[in-house]
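Chemist: here you go, sequence then predicted model.
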Amino acid sequence: ALLEVLDPNQNTSFVDNYLDIPVDFSKALFVCTANDLSTIPQPLLDRMEVIRISGYDYKEKLEISKNYLDKKARKATGLEKGRATTPKSLEITDEALVSLIRWYCREAGVRNLEKYIEKIYRKVAMRLATMTPEEVATTDFAIRESDLEQYVGKRIFLSDRLYDETPPGVVMGLAWTSMGGATLYIECQTLKPHPLDATVAEFMTEGEKAEEDKEASEEEKRVLSTTPESPVTLAATPSSGASPKPVGHLTMTGQLGDVMKESIQIAYINARHWMQRLSYSQALYDSLLHSFNAVKAASLVTPSKSAMFDILETSDLHMHLPEGATPKDGPSAGCAITTALLSTALNRPIKQGLAMTGEISLNGKVLPVGGIKEKVMAARRAGINEIILPEENCRDVNELPEYVKENLVIHYAKKYEDVLKYTELCPEVFSS
């Protein structure tokens, strides 16, 4: 019936089953609201004109709560300003409201924020009912940030930063959810120790170290015997009888949707492509070796060039997106996933305090994404001061209020090479 009412070709003579008379709805305007379009049936969605409205940011919520919600809650609980029974010190401070918005009410609207403010005033009213006039006169009723747990319970949302400093293989992405923007960490790890990981020597016994030295000596002799003319050997040349090169596999976890799984596969291909391109950089190879030799134990073998740059092709990898109980889908994490794979392969962390969003194509083009306002707000909430966005999203950033962009460095990327440059994963490649 709703399809018939909304269809302009049918609603001129809509017949309701209860009234059983035709009604002309062609001049009527129907306004529907929804938080998630995916739950609306497609035939019904086709008959609607969709207008996307971004949620309130924290500053807008703060002004709404001070100028409207606070007055409404006071009136509902009988605690209006100026009444004889209302303590003059009663107020919810700005710091408490900001904390309430950040740690309790992250939805796009203010419905939950209104409920929490009313809950605070109801508890204050109950407290007043049990106190004598003398006690009321000597008590400070100001609601500060430290008092929120007493009135509304423990925080619903915890810290936005899973890592104070991101290690190799970890990148912070930015996501859009029905609650607004959120940070999205991508973790990647090799199942076997990384060839450039010098810390494995701490777990080796003396016998294992001796065996490692023996294998290193045999490997060095074999390399020198296969290429006698070469004064410096970077990698062994496999003989016809050598075992075939192992093939790596990528495992994905974190309750991922089909679109995100495809995005991970595309990012995996891009990362492997970039590792082969980076293998031609002698400056990068020398820098990786220098970093490894500076901290390695004497018993560890210096990895060959192929062992370094073929790691995505030969090693088993596991990629996980934390908060596994939360479903995740969409293509906008493509750049972050590619960066996490390269960070794992190079055993280097990306630039600290950096987050990113953007879809990546098979050829490395960075495509625009939605929800820029919410994602930028999520980055600010997490204490991030530098973000990477697709170049085509520049127009969305220009529409943001100035206080949202204040003290925030925004880089725009047209292709993945730009992203790689801003992450500072391999500055040796871009130094020239």
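Modeler: Received the coordinates, thanks. Numbering: from 1, shown residues only.
Chemist: where's the spatially most central residue of the chain, which helix or strand?
Modeler: Per Cα atoms, centre = their mean, the C-alpha nearest to the average position across the chain is that of L184, at 2.1 Å. Here L184 sits within strand 180-190, counting by DSSP states H and E.
Chemist: tell me the strands beside that strand, with direction?
Modeler: Take DSSP bridges as the rule and strand 180-190 pairs in its sheet with strand 170-177 (antiparallel), strand 317-320 (antiparallel).
Chemist: isn't the residue nearest to the centre of the chain right up against L321?
Modeler: Yes - with contact defined as Cβ atoms under 8 Å, L184 reaches L321; the gap is 6.6 Å. (Glycine included, C-beta is placed from N, CA and C.)
Chemist: which SS class is L45?
Modeler: Classification of L45 using DSSP: H, G, I helix; E, B strand; the rest coil returns helix.
Chemist: tell me which residues touch N67, please.
Modeler: N67 is in contact with no residue at all, counting by Cβ atoms under 8 Å, 6 or more residues apart in numbering.
Chemist: what's the spacing between the residue nearest to the centre of the chain and D396?
Modeler: Using Cβ to Cβ, to the nearest Å, we find L184 at a distance of 19 Å from D396.
Chemist: my guess is L420 contacts C426, does it?
Modeler: Yes - because the distance of 6.9 Å satisfies Cβ under 8 Å, L420 is recorded as touching C426.
Chemist: which helix or strand lies directly C-terminal to the lowest-mean-pLDDT helix or strand in the chain?
Modeler: Lowest mean confidence among the helices and strands of the chain (mean pLDDT, DSSP states H and E): helix 206-226, at a mean of 48. Downstream of helix 206-226, the next assigned helix or strand under DSSP H and E is strand 250-253.
Chemist: give the buried residues for that following strand.
Modeler: Neighbour counts over strand 250-253 (16 or more other Cβ atoms under 10 Å) mark 250, 252 as buried.
Chemist: can you check stretch 170-188 too?
Modeler: Under 16+ other Cβ under 10 Å, the buried positions of stretch 170-188 are 170-177, 179-188.
Chemist: verify the contact between A76 and K119 for me.
Modeler: No - using Cβ under 8 Å, A76 is not in contact with K119, being 11.0 Å away.
Chemist: that older thread, show the average pLDDT along the strand holding L184.
Modeler: For strand 180-190, mean pLDDT is 91.
Chemist: and it, how far from the chain's centre?
Modeler: 5 Å (Cα atoms, centre = their mean, to the nearest Å).
Chemist: where does this protein dip in pLDDT?
Modeler: Within the chain, the segments meeting pLDDT under 70 span 1, 200-244, 296-299, 432.
Chemist: about what we covered before: what's the closest of the strands paired with strand 180-190 to R381?
Modeler: R381 lies closest to strand 170-177 among the strands paired with strand 180-190, at 10.8 Å (Cβ to Cβ).
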